[in-house]
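Pasting the sequence and the predicted model now:
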Amino acid sequence: MARVLVLATLTTVMLCGVLVGFQSGPPSQMTGAPGNSNCTLCHFSFALNSGIGLGIASFDISGPATTLDVPGSGAASIVVGFPATTRPIHGFEMTARDAADMQFNPSFAGSWDTSSFGNDAQFAYGDPEYVSHTLSGSQQTSWSVGWLPDPSPPSGPMTIYAAGNAANGNSAPTSDYIFTATHTVYQARVSVAQTTWPIGSSQPITLEAPTVSGHSYILVASDDATPVSLGGPFLVPLNPFSALANLTLDPAYASIFQNFQGSLDGNGNATAQVNVPPLPNLSGMVAHLAFATLDPQSPSPSVTELSNRVTVTLQ
């Protein structure tokens, strides 16, 4: 056993030594996704994400909030990078997983659009499930990569995982700061006509979940944006147990929160409405909206899909 551990350690050291700095691109499976390692495997001078608090750099991913925001005949643009940085050299690696993903049985979501790579991105070591920077791409601080969702993915949100390296440029795997980030892409969408709601107005809300047409839904408004897990892949992007959330589900307030519970039509659509009370003390209040769908055939509540979150401000 000791010999195996020694050999594994030597292999890692040799890999890091041969591929010093990974400026031309890291090996695959270094994204921080379930079952993956991250770049601290070789760039181990500092703790993961410690550079954020020190003001060294910030790292994030942006992209569509839902699959319904992806062009029907094109790829979604996933932007990964360092909005702020003090370092001269940068790199990344990214992968996408669907809701069926497990630590020892990865379930990849969609595919990466190679036409978007240019000279700045590539498959990590030729692995089509992982995309990373190239040597020339290490001179920039952000990368835009095309991503094509699967036409019929499993129910539940998909997650983009990425690791980033803010390097000092010394051509060695030392004194570099490593970061990780995630971005969630939902398969159901909640949207509003405007994000500023005047006191006393009536505001329509649109619900779309075409993959689960005919299913029941519960729409919730919450004054707390803290995500809450419902188990499995379902992480509600707000707190469904807040004081405001309880009011939205109380029949006594049905005249304010109209159609917050119901069934999607044959196309997976529904509409709801909030009649904002004409109370001046509500001005400045911030509320968050999201919905979940339920299987009407299940004997007990069974979540089948979750939406993104939208935020509105009363004035």
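Thanks, I have the structure now. Numbering: from 1, shown residues only.

and the closest residue to P83 other than its chain neighbours, how far is that from L247?
Closest residue in space to P83, ignoring its immediate chain neighbours: S58 at 5.3 Å, by Cβ to Cβ, 6 or more residues apart in numbering. For the C-beta atoms, the positions are set from N, CA and C on the backbone; glycine is no exception. Separation of S58 from L247 (Cβ to Cβ, to the nearest Å) stands at 36 Å.

What of P198?
For P198, the distance to L247 (Cβ to Cβ) stands at 20 Å.

May I have the strands that pair with the helix or strand that contains the residue nearest to P83, each with its orientation?
With elements taken from DSSP states H and E, the one containing S58 is strand 57-62. Neighbouring strands of strand 57-62 in its sheet, by DSSP bridges, are strand 76-85 (antiparallel).

can I have the helix or strand just after the partner strand written out in CSV, keeping just the CAs?
Per DSSP H and E, strand 76-85 leads on to strand 89-97 as the next helix or strand towards the C-terminus. Presented in CSV, the C-alpha positions along strand 89-97 are these (Å, rounded to 0.1, in the frame of the first residue of the first chain):
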residue,chain,number,x,y,z
ILE,A,89,-1.0,35.0,-16.8
HIS,A,90,-4.3,33.3,-16.6
GLY,A,91,-5.9,30.0,-17.4
PHE,A,92,-9.1,27.9,-17.0
GLU,A,93,-10.7,24.6,-17.5
MET,A,94,-14.5,24.0,-17.7
THR,A,95,-17.0,21.2,-18.0
ALA,A,96,-20.8,20.9,-18.0
ARG,A,97,-22.9,18.3,-16.1
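
Quick one: list the elements packing against the following helix or strand past strand 89-97.
Using DSSP H and E, the helix or strand that follows strand 89-97 in sequence is strand 111-113. With contacts taken as 3 or more Cβ pairs under 8 Å, 6 or more residues apart in numbering; DSSP states H and E, strand 111-113 sits against strand 127-133, strand 142-148.

got the contact list for strand 111-113?
By Cβ atoms under 8 Å, 6 or more residues apart in numbering, the residues outside strand 111-113 that reach it are A75, A96, F123, P128, V131, V145, G146, W147, L148.

make it 7 Å
Applying Cβ atoms under 7 Å, 6 or more residues apart in numbering, the external contacts of strand 111-113 come out as A75, P128, V131, V145, G146, W147, L148.

per-residue confidence for the second one?
With respect to pLDDT, P128 has a value of 98.

what about it, distance to T114?
As judged by Cβ to Cβ, P128 and T114 stand 9 Å apart.

swap in the first one?
Here A75 is placed at a distance of 10 Å from T114 (Cβ to Cβ).

more neighbours, these two?
Between A75 and T114, counted using other Cβ atoms under 10 Å, A75 has the larger neighbour count: 18 against 14.

can you pull the contacts of the nearest residue to that one once chain neighbours are set aside?
Spatially, and ignoring its direct neighbours in sequence, A75 is nearest to G146 (3.4 Å; Cβ to Cβ, 6+ apart). Neighbour list for G146: A75, S77, W112, D113, S115, S116 [criterion: Cβ under 7 Å, 6+ apart].

Show me what G146 is bridged to.
For G146, the beta-bridge partners under DSSP bridges are S77, D113.

for M102, same thing?
Counting by DSSP bridges, M102 forms beta bridges with N105.

residues near it, how many?
10.

what's the answer for T95, then?
27.

what residues are up against it?
T95 makes contacts with T31, A33, F108, E129, Y130, Y161, as judged by Cβ under 7 Å, 6+ apart.

Who wins on neighbours among those?
T31 (31 neighbours).

got a list of what that residue touches?
Taking Cβ under 7 Å, 6+ apart as the test, what T31 contacts is N38, E93, M94, T95, Y130, Y161, A162, A163.

Need the pLDDT of the spatially closest residue to F44 that is not a sequence neighbour.
Once flanking residues are discounted, F44 sits nearest to P173: 7.6 Å by Cβ to Cβ, 6+ apart. P173 is assigned a predicted lDDT (pLDDT) of 91.

for the one 5 residues further on, same thing?
Reported pLDDT at I178 in the predicted model: 98.

can you pull up the bridge partners for the nearest residue to Q194 once chain neighbours are set aside?
Excluding the flanking residues, the one nearest Q194 by Cβ to Cβ, 6+ apart is Q203, at 7.4 Å. Counting by DSSP bridges, Q203 forms beta bridges with V274.

And for Q203, the neighbour number?
For Q203, using other Cβ under 10 Å, the count is 18.

Report the contact partners of A124.
A124 sits next to G25, P26, P27, S28, E93, Y130, V131, S132 when contact means Cβ under 7 Å, 6+ apart.

on that earlier part again, what about the strand holding S58, distance to the chain center?
Taking Cα atoms, centre = their mean, to the nearest Å, one finds the center of strand 57-62 at 12 Å from the center of the full chain.

residue boundaries of the helices in the stretch 201-315 of the chain?
Along the stretch 201-315 of the chain, the segments classed as helices by DSSP state H, counting those that start in this stretch run 243-248.
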